[in-house]
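Undergrad: 3D model of this:
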Amino acid sequence: MALHQTITVLNTMDSAYVNGEQIRQLFAAYPAVQVEVKKVEGDKGSTEFVKMTIPGSDGKGAGGKAPTFGIVGRLGGIGARPGRIGIVSDADGAVAAVASALKLADMQSKGDVLKGDVLVTTHICPDAPTLPHEPVDFMDSPVDILQMNEHEVLPEMEAVLSIDTTKGNRVINHKGIAISPTVKEGYILRVSEDLLRLLEMTTGRLPVTFPVTTQDITPYGNDLYHINSILQPAVATDAPVVGLAVTAQSMVPGCGTGASHEVDIASAVRFAIETAKEFTQGLCSFYNPAEFKRITELYGSMKVLQTSGKPAVPTA
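TA: Numbering: from 1, shown residues only. Okay, here's the model as predicted:
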């Protein structure tokens, strides 16, 4: 099902010359899909943000009423050239996001049109820098996290699935995919029962989740440890955000090459597709609105966790 699209995208991205225009060309046979490419310069180079819009039969982009679903392929870069040759592990999020859009486009051309719009965003950088991090090195990015969120987390998205390689840690000892609890407006909520059901269905296995700390949902740049950037979209939106992690049993650095497993990425694509189907039909919820209303009534807003926080008080 999704393996063909995954391999197609992997082969396209595994190149020192890949750019946003090559991603656009993957959708040349699907005129209903709109692909936008924008090059952005940063302090450490440049990258090209790509936005793919797959319109729904009752999508809000055309005046309809069906919910709009967002898929974000989160990463630092798809390559770390010239230091590393080839596609890096960190690229899995971008591969999964673009492959999801490609699969949705192919479905649409064959008559399987989702009810609501699906917006897919990521960025293409084959020569991103690396960054020291414990327990293994991270991929860095030529642009900062605020720029990423500006171009990837869109106000039209009513729920966000953030796909990211999450292998450089000791807390997810599972090869495949895993989902996070839902994060909304600074609250870490319970894991969505609907998403657990979809994870079971698409993998054929018991669902795997991963732990999220308060630190992980705060913005980068506050000198706190983050497992990675998988939940950084949550600082830029009031929509519910769930992380979809491509995982490994062992620790794999984001800048490691030869570490992208097409079957695991295809599992992430299948999950994203099924979630998009159900969410845009109103059959899948990322959180319980009544429960969220109750927790905010009891404990107030936690939106401060979406900010950089209070300035540090100098010590004597």
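Undergrad: wait, F49 sits on H123?
TA: Yes: the criterion here is Cβ atoms under 8 Å, and F49 meets it with H123 at 4.7 Å. Where C-beta positions appear, they are placed from N, C-alpha and C, glycine not excepted.
Undergrad: which residues are common contacts for the two?
TA: Residues touching both F49 and H123 by Cβ atoms under 8 Å, 6 or more residues apart in numbering: V40, H151, E152.
Undergrad: Please, which helix or strand holds the first one?
TA: Under the criterion of DSSP states H and E, V40 resides in strand 34-42.
Undergrad: thinking again about what came up before, looking only at neighbour counts, state which of F49 and H123 leads.
TA: H123 (32 against 21; other Cβ atoms under 10 Å).
Undergrad: Can you show me the strands along the stretch 51-200 of the chain?
TA: In the stretch 51-200 of the chain, strands defined by DSSP state E, counting those that start in this stretch lie at 69-73, 118-124, 130-131, 138-139, 160-165, 176-179, 183-184, 187-188, listed in chain order.
Undergrad: Export the ones you listed as CSV, with columns for mean pLDDT and distance to L26.
TA: Putting the strands of the stretch 51-200 of the chain into CSV (pLDDT from 0 to 100; distance: least, Cβ to Cβ, whole Å) gives the following:
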stretch, mean pLDDT, distance to L26
strand 69-73, 98, 14
strand 118-124, 98, 12
strand 130-131, 82, 27
strand 138-139, 80, 23
strand 160-165, 98, 17
strand 176-179, 98, 23
strand 183-184, 98, 31
strand 187-188, 98, 36
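Undergrad: okay, now E200: neighbour count?
TA: 13.
Undergrad: Let the chain start at 18 from now.
TA: Noted, 18 is the first residue going forward, which turns the last one into E217.
Undergrad: excluding its backbone neighbours, what's nearest it?
TA: Closest residue to E217 apart from its sequence neighbours, by Cβ to Cβ, 6 or more residues apart in numbering: P224 at 5.2 Å.
Undergrad: A83 too?
TA: Per Cβ to Cβ, 6+ apart, closest to A83 is G133, 3.3 Å.
Undergrad: what sits against the residue nearest to E217?
TA: If you count contacts by Cβ under 8 Å, 6+ apart, P224 has them with I196, L213, L216, E217.
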